[in-house]
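Engineer: just coords:
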Ligand SMILES: Nc1ncnc2c1ncn2[C@@H]1O[C@H](COP(=O)(O)OP(=O)(O)OP(=O)(O)O)[C@@H](O)[C@H]1O
C-alpha cells in the first residue's frame, strides 16, 4: 500500500504559489528524499502533509485515505514530523517526561509512564534523562528526544526536515544510524528533506529533485550513487555537492 500519495499538489503562502503540481507516491516502508536548492518548496511539502501549511489544493493521501484540510486526527496519529532544530521543537520549561507524555494526553492514551520509558529505550536514551529539561541535554540528545516525541503515537510515517543538519558532524552519524535502525525495527516510512546527498545515499531508497516548486526528476539511490541522474539540473546539483 502507498504510505503517502500526492496528486497535483499546489501549495501557496497568501497569493504566492510555491509548490506547483507535485505528484508523488511513497510506498509503505520506503525512505524517500526531497532534495534541491534552497526555497524550492521541499519543507513546504512536509508542512502541508503535516497540516502546517493550510493553503493547498490537489490531493494528499496517507495510507490510502485523502487528508482533509486543517486538523485531521487520522493524520496526526499516523504521520509525525521531526524538525531540524531540536531546541526550537522542545519547550524549554517542560521536562522530557512532560514533552513525551503530551501527545499521549492529547489523544487520551493511558500507561504514559511505561510508554515514555519504552520510547526512551528505543532512541537510546538512559532513563535518567526523563526528568531533565532540554537545556540539560546535548544537541544530539535533544534530537533523540524530538525523535522519541514523534514516535509516541506509534506513527507509520515520519516527515524528517533536515533532521541532522543543525548537529555537530560527530553526532550526525549517530542520529542517522538511529533513524536507520528505527525504520527497520518499526517498518516506518520516511519522507525526508535534506541538502546532503551522502545522507540520501545512506538512508534513502529514492529521491525527488526539486526546483522552483516543481519535481524535475525522480531517481533511485543506485542512480545517485552511480552519478546516473538524467536531468541537467540534477547533474548540476550532484556536481556541486561533489565539489
Ligand atoms: N511561512 C511562509 N510565508 C511565506 N513564504 C514562505 C513561508 N515559508 C516558506 N516560504 C517561501 O516558500 C518557498 C519555499 O520554501 P521552503 O522552505 O519550502 O523551501 P525549501 O526547499 O525547504 O528550502 P530550504 O532548503 O532553504 O529549507 C520559498 O520561496 C520561501 O521563501
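Structural biologist: Now that the structure is in, tell me what you want to look at. Keep in mind it's a predicted model, so treat the numbers as computed, not measured. Residues are numbered from 1 along each chain as shown.

Engineer: Need the three-state assignment for the residue sitting nearest the centre point of the chain.
Structural biologist: Central residue of the chain (C-alpha atoms, centre = their mean): residue 160, 1.6 Å from the mean position. Of the three states, residue 160 takes strand under DSSP: H, G, I helix; E, B strand; the rest coil.

Engineer: That one pairs with what?
Structural biologist: Counting by DSSP bridges, residue 160 is bridged to residue 82, residue 192.

Engineer: lowest confidence element among the helices and strands of the chain?
Structural biologist: helix 86-89 (a mean of 71; mean pLDDT, DSSP states H and E).

Engineer: contacts for the biggest helix by length in the chain?
Structural biologist: Taking DSSP state H as the criterion, the chain has its longest helix at helix 169-186. By C-beta atoms under 8 Å, 6 or more residues apart in numbering, the surrounding residues in contact with helix 169-186 are 29, 31, 122-124, 138-140, 143-144, 147, 151, 154, 158, 160, 163-165, 167, 188, 190, 199, 202-203. Placement of C-beta: from N, CA and C, glycine included.

Engineer: With stretch 98-115 instead?
Structural biologist: Contacts of stretch 98-115 (C-beta under 8 Å, 6+ apart): 73, 76-77, 90-91, 94, 116, 119-120, 134, 145, 148-149, 152-153.

Engineer: how about a cut-off of 7 Å?
Structural biologist: 77, 90, 91, 116, 119, 145, 148, 149, 152, 153 (C-beta atoms under 7 Å, 6 or more residues apart in numbering).

Engineer: what do you get for stretch 136-156?
Structural biologist: 3, 63, 77-83, 86-87, 89-90, 96, 99-100, 103-104, 107, 115, 119-120, 122-125, 129, 134, 158, 163, 166-168, 171, 174-175, 178, 188-189.

Engineer: Relative to the host helix or strand of residue 216, what are the paired strands and their orientations?
Structural biologist: Using DSSP states H and E, residue 216 falls within strand 214-220. Using DSSP bridges, strand 214-220 pairs in its sheet with strand 206-211 (antiparallel).

Engineer: quick one: which of the contacts of stretch 98-115 is nearest the ligand?
Structural biologist: residue 90 (20.1 Å; C-beta to the nearest ligand atom).

Engineer: tally of neighbours for the closest one?
Structural biologist: 20 (other C-beta atoms under 10 Å).

Engineer: just checking, it touches residue 134?
Structural biologist: Yes - with contact defined as C-beta atoms under 7 Å, residue 90 reaches residue 134; the gap is 4.3 Å.
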